[in-house]
Each structure stands twice: as structure tokens, then as C-alpha cells.
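> What follows is a protein structure lacking sequence information:
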């Protein structure tokens, strides 16, 4: 089946630290890969995506590279801010499944000033 | 350009009552997805609809849950005879019609259902 595994949190960092949140996937086809972010009490916001191997998605200083050989899509940011504190979800979709999203469990990120 | 709208934002129902959750997709979007976020269980797909059609309801519980997306008006997720286990956040997402971006989904703020 199709599934996403991401590192458990919470991840607690100091401001300006480097962030990595690991994400690996299993898919029956060739998925699109996404990172979504959820701030407290809000819906999910699309942070970035990649649709083929070696593509790099980037937005707001966050980056993730589609690695087909390791079936991974790790999220990175060079210098986190307090305002990055949120829950981060890795997800995949497949066009043959109507593009419905399959989510990882989510990783809570806390950034201290 | 208004985003995906959901209402109500918070809904309290007693056991046995009906809950109706509404979702208006972004302007120009004709595909709607519903997801449920249960405590400790993460986000799970429920149903995928296009105007007047249910495309995939493989994530819907077999009983008490139904969804529609009429030609006019919002998409509705309906839960009959609610039970405490239905307490969750329900999110709607819509996607654009262009082929290049059909895999992008834009989420509403959610409806938080509490069953007492």
C-alpha cells in the first residue's frame, strides 16, 4: 500500500538552529510528494512539493529533495525562527488514486528564542 | 481570492444528533476532498468529490456518514446519529482544475466537532 513515515516529535530547537525532519514513503506508483504545515487552530498550508526524482521543492527558506533511490523527502531549513513553530506533515499523492493525500503522523516543531 | 471556507468552525452536538459540515472551495476549483483529524491518529482521507459526483469514498465509514457536492452551493459532509468517537477536526480541501497543479490541495480552517 501507500504510506508515509516521518520522524516523531516533538523537535525542540533554539532560534537560528538547523532543522531536519525526516520523511520516507512507500508507494505503488510514482507519487508527488508534499510538505504541509499546520499552525495551532488552523488548517494545513501547502509548504512545498516535488513531483519527480531529484526535484527540489522550496519555500520560505524550507527545502526538500525527492530522492527516489532512498524513497525519502526530508525537510530542511538552515535557520529556524520562533514563528516556524508548528506541526509539519509529509504527504504523498498518486494520480491513479485521484490525488488523495496520504499523510505521515506529523512532527511538532518548537523553536525557543 | 478567498480561500477554502468551512463552517461552522466549531460544532457541538449531543449523541444521536446530526452534524452538517459545509465547505466552499476556492473560486474556480471543482474538486473537493474531506479529511478527518482524530486525536492521536493523524489526518485520514474520507471522500473525494467533483460537482454532482462522488469519485472516491473509500475512506468514509460505512454507516452514518455521507457527502455531497451539488451543482450549486457548498459541499456538505453529513454525520447522522453522532457518537463520541466522531469528535474530531474535519478538513476540506480543494484543488485547481489545471493538470499541472491538480495534485495541489488547499485546505480550509476546519470544523471542530465535539460530541457530548
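In hand now; what should we look at? Remember, predicted model here, so these are calculated numbers, not experimental data.

> going forward, measure contacts between C-alpha atoms and count neighbours the same way
OK.

> can you give me phi and psi for the residue sitting furthest away from the middle of chain B?
In chain B, the residue that sits farthest from the middle, by Cα atoms, centre = their mean, is residue B:100; the gap is 23.9 Å. Main-chain torsions, residue B:100, degrees, to the nearest 10: phi -70, psi -20.

> what's the answer for residue A:96, then?
Residue torsions, per degrees, to the nearest 10, at residue A:96 are phi -70, psi -10.

> What is the neighbour count of it?
Neighbour count for residue A:96, taken as other Cα atoms under 10 Å in any protein chain shown: 11.

> Roughly how far does it sit from chain B?
According to Cα to the nearest Cα, to the nearest Å, residue A:96 stands 11 Å off from chain B.

> do the same with residue A:31
Going from residue A:31 to chain B by Cα to the nearest Cα gives 10 Å.

> and what of residue A:108?
12 Å.

> Just the mean pLDDT for the helix or strand harbouring that residue, thanks.
Taking DSSP states H and E as the criterion, residue A:108 maps to strand A:107-112. Average pLDDT, strand A:107-112: 96.

> helices and strands around that strand, which ones?
Judged by 3 or more Cα pairs under 8 Å, 6 or more residues apart in numbering or on different chains; DSSP states H and E, strand A:107-112 is in contact with strand A:11-14, strand A:86-93.

> what sits against residue B:51?
Each residue near residue B:51 by Cα atoms under 8 Å, 6 or more residues apart in numbering or on different chains is listed here: B:30, B:31, B:69, B:70, B:71.

> Reformat the residues you listed as JSON lines; add pLDDT, distance to residue A:34 and secondary structure.
Output for the contacts of residue B:51, formatted as JSON lines (pLDDT from 0 to 100; distance: Cα to Cα, whole Å; DSSP: H, G, I helix; E, B strand; the rest coil):
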{"residue": "B:30", "pLDDT": "87", "distance to residue A:34": "21", "secondary structure": "coil"}
{"residue": "B:31", "pLDDT": "92", "distance to residue A:34": "18", "secondary structure": "strand"}
{"residue": "B:69", "pLDDT": "95", "distance to residue A:34": "26", "secondary structure": "coil"}
{"residue": "B:70", "pLDDT": "93", "distance to residue A:34": "29", "secondary structure": "coil"}
{"residue": "B:71", "pLDDT": "90", "distance to residue A:34": "30", "secondary structure": "coil"}
